[in-house]
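Enquirer: Below are the sequence and a predicted model for it; my questions follow.
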Amino acid sequence: MDQATIVVGIDGSLAAAEALRWAAWQSQLTGAPLVAVHAYTGDSGPASARADFHQAEEASVRAQATAWLRQALASADAVPYRTRLEIEEGPVREVLARHCAEAQLLVLGQPSRSPGRDAAQPADGRASDCPVVTVPSRGEDGTVQRHSGVAAVV
């Protein structure tokens, strides 16, 4: 049986980069593989052009997500045990919920000052299938946006 993964949601934000760096540290600490997940909403168009457009759109999204991943990990204090990038079309909550089904942990960036339980809720309102850690983002000046701690388990 494969080892359960650490899943981190990425979207190019400062909060997501901070979450990715924390998840990399946790991956190194535990030896769990890190799965960076980026969900995107595709553009709908005529059915005849959809397949070609979808391939080009997915390639563009993958290139952008790969750049986010590399940039965040370049400034990380730890190198993840093993890293995989997953790009999936669909609503963020649904995509993350699917990845949580077999994960040991979901890590999310928290851009606001208060821990956000709703970010960890799948679209149908059920609690996540795995523990969720929200990591506060750092401001442009590098200071942590304070709330109840460095990371919150929700």
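Expert: The structure has been received and is ready for your questions. Residues are numbered from 1 along each chain as shown.
Enquirer: Show me where the protein has its strands.
Expert: Using DSSP state E, the strands of the chain run over 5-9, 34-40, 83-89, 103-110, 132-136, 152-153.
Enquirer: So which elements touch the first one?
Expert: Spelled out, that is strand 5-9. helix 14-30, strand 34-40, helix 92-100, strand 103-110 (3 or more Cβ pairs under 8 Å, 6 or more residues apart in numbering; DSSP states H and E). Where you see a C-beta, it was placed from the backbone N, CA and C, and this is true even at glycine.
Enquirer: so what strands line up beside it?
Expert: Strand 5-9 pairs in its sheet with strand 34-40 (parallel), strand 103-110 (parallel), by DSSP bridges.
Enquirer: which intervals of this structure have sub-threshold pLDDT?
Expert: By pLDDT under 70, the low-scoring segments of the chain are 1-2, 43-50, 112-128, 138-154.
Enquirer: now the longest helix along it, how far from the centre of its chain.
Expert: The single longest helix within the chain, with elements called by DSSP state H, is helix 47-74. Here helix 47-74 is found 15 Å from its chain centre; the criterion is Cα atoms, centre = their mean, to the nearest Å.
Enquirer: quick revisit: show me the one of the strands paired with strand 5-9 that comes nearest residue 78.
Expert: strand 34-40 (10.3 Å; Cβ to Cβ).
Enquirer: mind listing what's buried in the closest one?
Expert: 34, 35, 36, 37, 38, 39, 40 (16 or more other Cβ atoms under 10 Å).
Enquirer: what does it rub up against?
Expert: Contact with strand 34-40 is made by 5-11, 20, 23-24, 27, 61, 65, 68-69, 80-92, 94-96, 99, 103, as judged by Cβ atoms under 8 Å, 6 or more residues apart in numbering.
Enquirer: re the thing from before, out of the helices and strands packed on strand 5-9, flag the one nearest residue 129.
Expert: helix 92-100 (4.6 Å).
Enquirer: Take the closest one, keep the C-alpha atoms, and write them as CSV.
Expert: Coordinates of each C-alpha in helix 92-100 appear next as CSV, following Å, rounded to 0.1, in the frame of the first residue of the first chain:
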residue,chain,number,x,y,z
VAL,A,92,-11.6,24.0,-5.8
ARG,A,93,-13.5,22.4,-2.9
GLU,A,94,-14.6,19.4,-5.0
VAL,A,95,-11.1,18.8,-6.4
LEU,A,96,-9.4,19.1,-2.9
ALA,A,97,-12.1,16.8,-1.4
ARG,A,98,-11.3,14.1,-3.9
HIS,A,99,-7.6,14.4,-3.1
CYS,A,100,-8.3,14.3,0.6
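Enquirer: Thanks a lot, see you next time.
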